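# Just the structure for this:
(chains A, B, C, D and E, ligands or ions: 4)
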Amino acid sequence: MNRKTLAYLVFLILLAFVPVLGIYPIFVMKIMCYALFACAFNLLLGYTGLLSFGHAAFLGTSAYTLGHAIKVWGFSPEIAMVIAVLASGLLGLAIGALAIKRSGIYFAMITLAMSQMVFFFFLQAKFTGGEDGLQGVPRGLLFGLVDLKNDINLYYLVLFIFAAAYFLIWRVVHSPFGQVLKALRENEARTISLGYDVDRFKLLAFVLSAMLAGLAGATKTLVFVSATLSDATWQMSGLVVLMTLVGGMGTLVGPVIGAFIIVLLENKVGDFGAALYDWTGVEWFSHLGESVTIVIGLIFVVCVLAFRKGIVGELNAWFERKQMERT
Amino acid sequence: MGDIILQTQGLTKEFRGFVAVNDVALSVKRGHIHALIGPNGAGKTTCFNLLTKFLAPTRGKIHFNGVDITGDRPAQIARRGIIRSFQISAVFPHLTVLENVRIGLQRPTGLSFHFWRSERCLDQLNERARQLLDQVDLGEFADTITGSLPYGRKRALEIATTLAMDPELMLLDEPTQGMGHEDVDRVTQLIKRVSEGRTVLMVEHNMSVISKIADEITVLARGSVLAEGDYASVSRNPLVMEAYMGTTQGELEGAHA
Amino acid sequence: MMTIFGIPIQAFLGQLLLGLVNGSFYAILSLGLAVIFGLLNVINFAHGALYMLGAFLAWMGLSYFGLNYWVMLAVAPILVGLFGILIEKFMLKHLYKLDHLYGLLLTFGITLILEGLLRSFYGVSGLPYATPDALRGATNLGFMILPNYRAWVVVASVVVCLFTWFIIERTRLGALLRAGTENPRLVEAFGVNVPLMITLTYGFGVALAGFAGVLAAPVLQISPLMGSNLIIVVFAVVVIGGMGSILGAIVTGLGLGIIEGLTKVFYPEASSTVVFIIMAIVLLVRPAGLFGKEK
Amino acid sequence: MNMPALEISGLNAWYGESHILHGVDLTVNQGEVVTLLGRNGAGRTTTLRSILGLTGTRTGSIRIHGTESIDMPTYKVAHLGVGYCPEERGIFASLSCEENLLLPPPVGALGGGMSLSEIYEMFPNLLERKHSPGTRLSGGEQQMLAVGRILRTGANLLLLDEISEGLAPVIVQALARMITTLKAKGYTIVMVEQNFRFAAPLADRFYVMEHGQIVEHFDAGELGAKQGVLNELLGV
Amino acid sequence: AVSDDVIRIGYITDMSGVYADIDGPAGAEAIRMAIEDAGGNINGKKIELLIADNQNKSDIATARAREWFDQKNLDVLIGGTNSGVNLALATVAAEKKKPFISIGAGTSDLTNKQCTPYTVHYAYDTVAMARGTGAAVVNDGGKTWFFLTADYAFGHALERDTTAVIKASGGEIKGTVKAPLNTADFSSFLLQAQGSGAQILGLANAGGDAINSIKAADEFGITKTMKMAGLLLFINDIHALGLKATQGMYLTDGWYWDQSEASRDWTKKFVARSKHQPSMLHAADYSSVSFYLKGVKETGSDDGDTMMKWMKSNKVNDFFAKEGYVRQDGRMIHDMYLMQVKTPAESKAPWDYYKVLATLPGDQVFTKLSESTCSLINK
Ligand SMILES: Nc1ncnc2c1ncn2[C@@H]1O[C@H](COP(=O)(O)OP(=O)(O)OP(=O)(O)O)[C@@H](O)[C@H]1O
Ligand SMILES: Nc1ncnc2c1ncn2[C@@H]1O[C@H](COP(=O)(O)OP(=O)(O)OP(=O)(O)O)[C@@H](O)[C@H]1O
Ligand SMILES: [Mg+2]
Ligand SMILES: [Mg+2]
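Numbers count the residues shown, from 1 in each chain, chains lettered A, B, ... in the order given. Ligands and ions are numbered 1, 2, ... in the order given. Presented below is the predicted three-dimensional model:
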């Protein structure tokens, strides 16, 4: 336990030094946004056992809301941030209320369908600019003082948001509420028989997850000064499932690692391909860059078939086995 | 009427036309240990599922303390003080034994929606939890992960968790099923002990258990009530012997003569 | 001239008929999903991709081997079915013990791979597929000019749906299937090779998707993305119908096709979302779906 | 033909975590009728189910006509010539009475099996209700259906779980006659029975179970001698 | 002076998605061609090309662009397809004060609302496409129109711009129906179009939607009673649909491989190396990069402002554009062409698809400076 907190601190300090170390801050910020998104999703899948296949809806909603709030309504970033998160929270409430009427696969299908509906809304709505998206969102001054146009300032804001949200999720998981969620995931019938109105717990978890996903979306918009449809597509919903799966669902760090890997893959798969091509000489690899979806699909299949615990999960299992051997 | 805690009228459940529970009129006296027996597939578990609203009855009414609870949702039933255990052990395997019981204790505290609080605020419940665990002699296992407990212990833990809700009426589905002798005896004693000041309705196959602790017995067969009464009368009822114990003294002789 | 809701009755009938055409596709696809779900408890996300694969096979058959529409109408579903059997035998099989969600995730991954592959070979602007000569031209129904091919689509799919319904509700094989959905262990105890039965069922279910694909080839541009747009709507259809009866899947499919068609007339902007809206309403009033069985 | 039809040794079986059978040993010779007695929950049904691999994990040895079947998938076991009539009858709701009857495929080890007409002859009620959904039948009719449908398959080792339960005396007598005929035809039969009066005259040998073990074992002849034990084990 | 002695060209486009065919990998090939034809280096300064797939996601594209500018000190950015991505890239380039040449984007916002001093919009835009077709078709006798519009910003823009010129040139709009993106079956909309009794069916949509609607139109024999006008169609779309379905259709294009001797020569070379028939975008990729490199040669510098100044004060003269010039607002003005799709009979060779009906003078088809909403214009 104590070692864990220490590890977290070290990691945090490392992140704090990123700009100094000359690592490319925008890239790290992007990873943090997706990591937050994945963590939010994992709160639902990993700790409540609900597979939402429509989380992109929340990412998109807050992304657009923030953009609109700053660009059109002229709010300052922090206020816009709050508005955006609330927006996705409300959407979460609506979709959640519908979806939790069914469980398991149906839940997944319903969330998927609802998010598709949201997608079409964004596509047709005037303020989103359709396929052009919402462009050139000014980052503005945080609390009227800190100029976010400066990547470094923005970086520390994002880092703070990420750390805070991560802490919140940790807190939720280790709270009385989190206890009930755990129980609910392990044995729903028993939890009901102990007098818990599980639907209300599921809904709250859903809304929390939606708001955190929203936070990720809003932050992302600040970083890339634009909100586009791709944030709201079902492919994006699938991507976040994958991030969580790869990293290890039901673990706190898992989604972060998963996000890191997938984002890296998305940006660099071409380079990987080239490298593989040089190394193996297999012609196909050189086109890898043009077939990200195939790679993602493959990872999906492999994870589901052979690697369900995900990286962190497998590591934990491995350590436990080591423990066993020692004792 | 005051001493009847649970009463059902014409309780019926059909699955796609197949009648699992058929026009059952059950009345459980306050403070009794009431046993529900019957062959496999007689409808005992289904009855439990109806009483706790895990299944919606096709027909019939359920009264608890004179109140009609037929329309309640499962969670409401539980909050009224009707808590059940399951035929196939129902614990939370990845939680520690202590946490299992705490889930039970936690609900009335109203902390359950506080996602911003540390779970340490639940430590106040530990003392009570340990008491309950001691009651079922699980004290020394408090901090082990439940999944690794032997089966018998799990059933005991289940009872402890049920007790944590301080139920007025406990429904136990085959608490001794799949246990070795010594476990059976321990659990039997346990039920006897915890039944003080409560009412217990239990499904049980093991006659020795029933004969030891049941005040009242209802025999189900093919979904309908076959007989009711205390152990002595029920076990002497020829109908019951026919359907359940299989045969009666007299006929045993007849058979080989 | 007589009118309904402000549009001439002729046009109205025409639109109904067109809705029916799209409904036929929904029907076949949701039927396939229902059959698979019944026995495997898997929601087959790859259904859309396999529908797309069917269309592509039709095209390949024609352009590489000169096999005409009618041949491929028979061959493509078989190939898709075989492909499905491989998927079941080598992948899905290992997931039954686990949470059903993994089945969904696996088939999702397969979808991405299939789309990606076809995309990297054939691009995305899509390929044209000529209407078979026998079905060229159009018939004047008085109230509209209906291309013969569209008529054929309705006929073909209704026939296939009824055929499937007949197989499942009226034959011994179907009896085994229904029994299997109720109590697989007991059926196995009678000496029926249930695992094999499951494999074949999946094969058949996806073959239906393949068939729908071939049917769609002349109507739509054959493109790697044609499946993924459709499948989500079909999911909504399934939620609305509820995984209850075979007939339920068919009726819901056709019905929603028609509703969608009418939306295209009265409020086109909503035609892509109307199905989802209906889904929301149904969930509110009848969570188990219109034909749903479970409590 | 002197090889036992069924030979179980050291059989353990679990349902999930609950350990139900603790080392069951029993042997049934060709053409014998053997009855399993025991209190409720003693583990007799579980014994039959585990022969077909319908329980959770199982260990030990089960030889059917000499073939070791402990590791076989369920559907293969059936094809060794086993017919199973489950306690809960397992009538399929979505199938009509006749469909239910025709459902099990032939596993003809002994070849043939009864024809549909023979079966209707034995259970006239089924003929009348043949088109109504399986579970709309009365308990008794369902029981007949459950027995009838395995007679068609030509299985020659029948596992019957409480077939007499809930049936009117006339039917029970019919069943008794049926079992005698089957026995004459050379079928091997394992019955789980509560109804001692029904079982006693039919069985060649008896096994008594208690808490998942065989605690007693005797021939029809010793019935009188063993009476005391029986009263104590089964009785009140 | 040339920064760090290398001239770095970055090219970000959709390599694998819906637009991969009209630009994509072949576009990269076109740029390489331009670099080689420039000799691979300029006065000994090496020319380097960086390529990235935008996966149609702005965040991926901008992240890549920023990285290139910040770390690989990129000198010029070429934007391939996807308007959204291009708008995002324009802001990045402006922030870094480097030229951004947008090729594949249709949106006219690049040179209006969201114009920057560093953007050059090189090949075409929706306004030009719309006006070209609209005006020409009306003059050709197509007076009454019915619009089938993709129900999002892009479609609305196309419809709006076309409607304007149609009205201006004395045509009338009989009606319009808005179809959601990715509608699979357009038949119902087409029946409505037919019901309207208009002469011309204006397709204010693109890609898969355009293709599927044309296909259905052919199937329902709409083409017997109405002529179709595609407002944003590329030659690849025509190829995908085949001439049977598209014959007689009007559309506007910025370049056609068979329009001149020079074009034919270039096409031969291009097809030889890329195994891909060129669209207007491929030609523009080549032309724009050549134009830029010419500038570097003349100024001997790859400094952003120097190059912007040069590009805005010199003319483009090659097989792609005659007397083309880059306007204050960044719009590259060049002639466009009204095409009509040949009948299968008329088509002699593969990809012999178009009859060039008219040349549309650049200063008329593109947004006029007077109408432009770009802040850079000193009115
Ligand atoms: N969900 C269901 N659908 C259909 N039939 C059911 C369902 N649940 C139970 N049954 C049937 O109802 C009858 C009664 O089942 P139940 O579980 O109540 O028996 P039981 O008395 O608890 O038997 P056991 O002692 O083995 O637990 C059985 O025949 C069973 O097959
Ligand atoms: N599906 C199941 N899961 C868990 N335990 C079970 C299950 N079915 C039966 N049991 C338990 O296994 C034990 C033996 O059951 P079994 O059905 O073999 O008893 P039996 O000898 O057939 O008696 P009867 O059939 O008369 O009830 C009982 O304690 C019963 O509760
Ligand atoms: Mg039970
Ligand atoms: Mg039994």
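
# residue in chain E nearest to chain D?
residue E:184 (35.0 Å; Cβ to the nearest Cβ). Where C-beta positions appear, they are placed from N, C-alpha and C, glycine not excepted.

# How many residues are close by that residue?
Counted with other Cβ atoms under 10 Å in any protein chain shown, residues neighbouring residue E:184 total 19.

# Check the secondary structure at it for me.
Recorded secondary structure, residue E:184: coil (DSSP: H, G, I helix; E, B strand; the rest coil).

# distance of it from ligand 1?
40 Å (Cβ to the nearest ligand atom, to the nearest Å).

# In terms of pLDDT, where does that residue sit?
Listed pLDDT for residue E:184 reads 80.

# Apart from its chain neighbours, what residue comes closest to it?
Leaving aside its sequence neighbours, residue E:184 sits nearest to residue C:220 (Cβ to Cβ, 6 or more residues apart in numbering or on different chains; 5.8 Å).

# again with residue E:170
Using Cβ to Cβ, 6+ apart, the nearest residue to residue E:170 is residue E:138, at 6.6 Å.

# contacting residues around that neighbour?
Neighbouring residues of residue E:138 by Cβ atoms under 8 Å, 6 or more residues apart in numbering or on different chains: E:165-166, E:169-171.

# So which of those is the closest to residue D:208?
Closest approach to residue D:208 among the contacts of residue E:138 (Cβ to Cβ): residue E:166, at 97.4 Å.

# my guess is the closest one is in a strand, correct?
No - per three-state DSSP, residue E:166 lies outside any strand segment and is helix.

# residue contacts, it?
Counting by Cβ under 8 Å, 6+ apart, residue E:166 makes contact with E:134-135, E:138, E:145, E:172-173.

# export those residues to JSON lines and tack on secondary structure?
Shown next, in JSON lines, are the contacts of residue E:166 (three-state DSSP):
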{"residue": "E:134", "secondary structure": "helix"}
{"residue": "E:135", "secondary structure": "helix"}
{"residue": "E:138", "secondary structure": "helix"}
{"residue": "E:145", "secondary structure": "strand"}
{"residue": "E:172", "secondary structure": "strand"}
{"residue": "E:173", "secondary structure": "strand"}
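
# Report pLDDT for residue 215.
Went with chain A since none was named. Looking at residue A:215, its pLDDT reads 95.

# look at chain D instead
Looking at residue D:215, its pLDDT reads 89.

# How about it: what's its closest non-neighbour residue?
Of all residues not flanking residue D:215 in the chain, residue D:208 sits nearest, at 5.5 Å (Cβ to Cβ, 6+ apart).

# contacting residues around the closest residue to residue C:249 other than its chain neighbours?
In space, and not counting its chain neighbours, residue C:249 is closest to residue C:34: 4.1 Å by Cβ to Cβ, 6+ apart. Listed by Cβ under 8 Å, 6+ apart, the contact partners of residue C:34 are C:238, C:241, C:243, C:246, C:248-249.

# just those residues that are near ligand 3?
Among the contacts of residue C:34, none lies close to ligand 3 by the criterion of Cβ under 5 Å from the ion.

# By pLDDT, rank these and give me the bottom one.
Minimum pLDDT for the contacts of residue C:34 is recorded at residue C:243 (76).

# Assign a three-state SS to residue D:14, would you?
strand.

# Correct me if wrong: it contacts residue D:58.
Yes - between residue D:14 and residue D:58 a contact is recorded at 7.5 Å, counting by Cβ atoms under 8 Å.

# still on that earlier bit, export the contacts of residue C:34 as CSV, with columns for neighbour count and secondary structure.
What follows is the contacts of residue C:34, written out as CSV (neighbours: other Cβ atoms under 10 Å in any protein chain shown; DSSP: H, G, I helix; E, B strand; the rest coil):
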residue, neighbour count, secondary structure
C:238, 29, helix
C:241, 29, helix
C:243, 23, coil
C:246, 22, helix
C:248, 22, helix
C:249, 32, helix
